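>>> No sequence on hand, only this structure:
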């Protein structure tokens with residue numbers, strides 16, 4: 001099946017090809033396997049927090065700017 005082909009180790013060329021996901025930052029969340037215990041890599045956790053903090057700040061700035069533009073254009077289009 002297509003799912004079996006996609007999960008196989010061999011690359012899948014053409015329109016059904018699936019490229020690798022970006023590894024930065026890759027977060028495994030609620031992953032459990034019977035008999036397996038995961039340990040948190042503290043350095044990786046710190047870098048992940050820093051990366052998401054930076055993305056959060058950038059998203060807040062972008063939201064503030066786009067919101068201001070939206071409000072300005074909206075008020076100019078329909079003056080009271």
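Looks like it came in fine. Nothing here was measured: the structure is a model prediction, and the numbers come from that model.

>>> Any regions of this protein where pLDDT drops low?
Low-confidence segments of the chain (pLDDT under 70): 23, 25, 79-80.

>>> any idea where the helices of it begin and end?
2-7, 42-77 (DSSP state H).

>>> between these, which one is nearest to residue 24?
In terms of CB to CB, the element of the helices of the chain nearest to residue 24 is helix 42-77, at 7.0 Å. To be clear about C-beta, it is placed using only N, CA and C from the backbone, and glycine gets the same treatment.

>>> possible to save the helices of the chain as CSV with mean neighbour count and distance to residue 16?
Listed next are the helices of the chain as CSV, based on neighbours: other CB atoms under 10 Å; distance: least, CB to CB, whole Å:
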stretch, mean neighbour count, distance to residue 16
helix 2-7, 9, 7
helix 42-77, 10, 31
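
>>> As TSV, those with distance to residue 24 would be great.
Formatted as TSV, the helices of the chain follow (distance: least, CB to CB, whole Å):
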stretch	distance to residue 24
helix 2-7	23
helix 42-77	7
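
>>> how near is residue 7 to residue 1?
Applying CB to CB, to the nearest Å, the value for residue 7 to residue 1 is 10 Å.

>>> just to revisit the earlier point, right, so of the helices of the chain, which gets closest to residue 29?
Taking CB to CB, helix 42-77 is the member of the helices of the chain nearest to residue 29, at 11.2 Å.

>>> who does the closest one touch, helix- and strand-wise?
Contact analysis of helix 42-77 by 3 or more CB pairs under 8 Å, 6 or more residues apart in numbering; DSSP states H and E lists no helix or strand as a packing neighbour.

>>> For it, what is the distance to the chain centroid?
14 Å (CA atoms, centre = their mean, to the nearest Å).

>>> Provide a list of residues in contact with residue 42.
Not one residue lies near residue 42 by CB atoms under 8 Å, 6 or more residues apart in numbering.
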